[in-house]
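S.K.: I would like the atomic coordinates for the input below:
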Amino acid sequence: MATEHKDVRQHILDTGKRVIVGKGFSAVGLSEILGAAKVPKGSFYHYFKSKESFGEALLQDYFTDYNQRLQSVLTDRSRTAAARLMTYWQCWQETQEGDDLTGKCLVVKLSAEVSDLSEIMREALKHGTENLLAQLSACIAEGIQDGSLSADLIPEHSALALYELWLGATLLTKLRRDSSALDQAMLTTLRLLQLSDADMASH
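M.R.: Predicted coordinates for the structure are as follows:
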């Protein structure tokens, strides 16, 4: 029974994410989520108190999955920390340039929309991004230790600057409908980390 409960709840979250990442949170009614998931309203309220609590759970689930995937990239000790970081940004660029909605960034999609509307969703976004930044910062610190990154870097500052850069570039990509902003973000990332294409080849 516990497995069935988890499966139905996860199915609603997965389906809701696909709908919301395309249209936004406010524009999607509960009936559209229920119709896409093919579950009755009573089942939805069995798992979530409200649409807002569903939004909170959606973000928590998104960040749990995202941070697990991020950790698998950033803790691969067979490669230098610099190479791991650049793999992360390359994956970011590929997913945000592509047409597959499942890989789109919910932070970019929802932050401006829900932060003024829902405190619990704002907190979920804040907590999720803080965990993400902590992983990036730890990898940069490791890069300083293994010599693949400059000792001049301050891990926390560099992680925040890079994350803000890529969030902004992703937003501009949505506006421009081309890859120019993400291409520039990649070049700026190399400069901020004091890396070159030759450095990356050697790593």
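S.K.: residues of the longest helix along the chain that come out buried?
M.R.: Longest helix in the chain by number of residues (criterion: DSSP state H): helix 119-146. Residues of helix 119-146 classed as buried: 121-122, 124-125, 128-129, 132-133, 135-144 (neighbour count, 16 or more other Cβ atoms under 10 Å). Every residue, glycine included, has its C-beta placed from N, CA and C.
S.K.: next one: stretch 171-178
M.R.: Buried, per 16+ other Cβ under 10 Å, within stretch 171-178: 171, 173.
S.K.: mean confidence for that stretch?
M.R.: The pLDDT scores in stretch 171-178 average 92.
S.K.: which regions of this structure lie under the pLDDT threshold?
M.R.: 1-6, 100-102, 197-203 (pLDDT under 70).
S.K.: strands along that one, start to end?
M.R.: Remark: strands of the chain are absent; assignment by DSSP state E.
S.K.: tell me where it has helices.
M.R.: Taking DSSP H as the criterion, the chain carries its helices at 2-23, 30-37, 41-47, 51-74, 81-97, 106-114, 119-146, 155-176, 180-192, 197-202.
S.K.: packing partners for the fifth one?
M.R.: Spelled out, it's helix 81-97. Packing partners of helix 81-97 (3 or more Cβ pairs under 8 Å, 6 or more residues apart in numbering; DSSP states H and E): helix 51-74, helix 119-146, helix 155-176, helix 180-192, helix 197-202.
S.K.: how about the longest one?
M.R.: Using 3+ Cβ pairs under 8 Å, 6+ apart, the elements in contact with helix 119-146 are helix 51-74, helix 81-97, helix 106-114, helix 155-176.
S.K.: that helix vs helix 81-97, what angle?
M.R.: 140 degrees (axes from the mean of the first three to the mean of the last three Cα atoms, to 10 degrees).
S.K.: next: the first one.
M.R.: Taking the same axes, to 10 degrees, one finds helix 2-23 and helix 81-97 inclined to each other by 70 degrees.
S.K.: would you mind measuring from the closest residue to Lys104 other than its chain neighbours to Ser31?
M.R.: Of all residues not flanking Lys104 in the chain, Val21 sits nearest, at 5.0 Å (Cβ to Cβ, 6 or more residues apart in numbering). Using Cβ to Cβ, to the nearest Å, Val21 is found at 18 Å from Ser31.
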